[in-house]
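Undergrad: Quick one, what's the 3D model for this:
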Amino acid sequence: MKKVLLLISVFFSLHCSQLISQWFEQTESLPVTSTYFCLDAIDANTAYVGTIFYIYKTTNGGTNWLVNLPYANYVDDIYFININTGFHVARTYSGTSFNKTTNAGLNWINVGYLPVLSTYSIVFLNENTGFASTLGALYKTVDGGLN
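TA: Got it, this is the predicted structure:
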């Protein structure tokens, strides 16, 4: 048993650097240097990143990023339920703006507001049912964010 544990330990110590090296920076082609607040990857090629003033989109695994939405607020979180339908929340002076797209981010429509300054996370089970977490509160919608 000791020999097996020793062999396993040696194997992992020799290959540990290879395990770590599987991460590759994908921000070189982002047009601005900014704080990246959120990320949602739909598949191996398509992902969205939210920053202080923009949402960026990649369709080639992070090699290139394009502005998907020029925005005037802090994008706190993004969540897509499929390749076309997604939601994002952003801080505004009126609270947290809740927005939706049905065409892969080509257009975003404001669905409503949460009565808080920032939202930490959003998750959707389907196009209608979703949750938003904030400091001290949890919100649920069953109508796609209208209420």
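Undergrad: count of residues packed around the spatially closest residue to residue 44 that is not a sequence neighbour?
TA: Closest residue to residue 44 apart from its sequence neighbours, by CB to CB, 6 or more residues apart in numbering: residue 61 at 6.0 Å. Yep, even glycine has a C-beta here, placed from its N, CA and C like the rest. If you count neighbours by other CB atoms under 10 Å, residue 61 ends up with 14.
Undergrad: Please identify the helix or strand for residue 61.
TA: Residue 61 is part of no helix or strand, with elements assigned from DSSP states H and E.
Undergrad: separation between it and residue 122?
TA: From residue 61 over to residue 122 the distance is 24 Å, taken as CB to CB, to the nearest Å.
Undergrad: Could you do residue 60 as well?
TA: 26 Å.
Undergrad: Those two - which one has more neighbours?
TA: residue 122 (25 against 11).
Undergrad: For that one, list the residues it contacts.
TA: By CB atoms under 8 Å, 6 or more residues apart in numbering, the residues touching residue 122 are 77-79, 87-89, 130-133.
Undergrad: you'd agree it is in a helix?
TA: No: according to DSSP: H, G, I helix; E, B strand; the rest coil, residue 122 belongs to no helix; its state is strand.
Undergrad: Test for you: state the pLDDT assigned to it.
TA: Residue 122 is assigned 91 on the pLDDT scale.
Undergrad: Show me the beta-bridge partners of it.
TA: Beta-bridge pairing for residue 122 (DSSP bridges): residue 132.
Undergrad: check contacts around residue 111.
TA: So residue 111 contacts 87, 98-100, 144-146 (CB under 8 Å, 6+ apart).
Undergrad: quick one: which of the contacts of residue 122 is most hemmed in?
TA: For the contacts of residue 122, neighbours tallied by other CB under 10 Å; top is residue 89, 31 neighbours.
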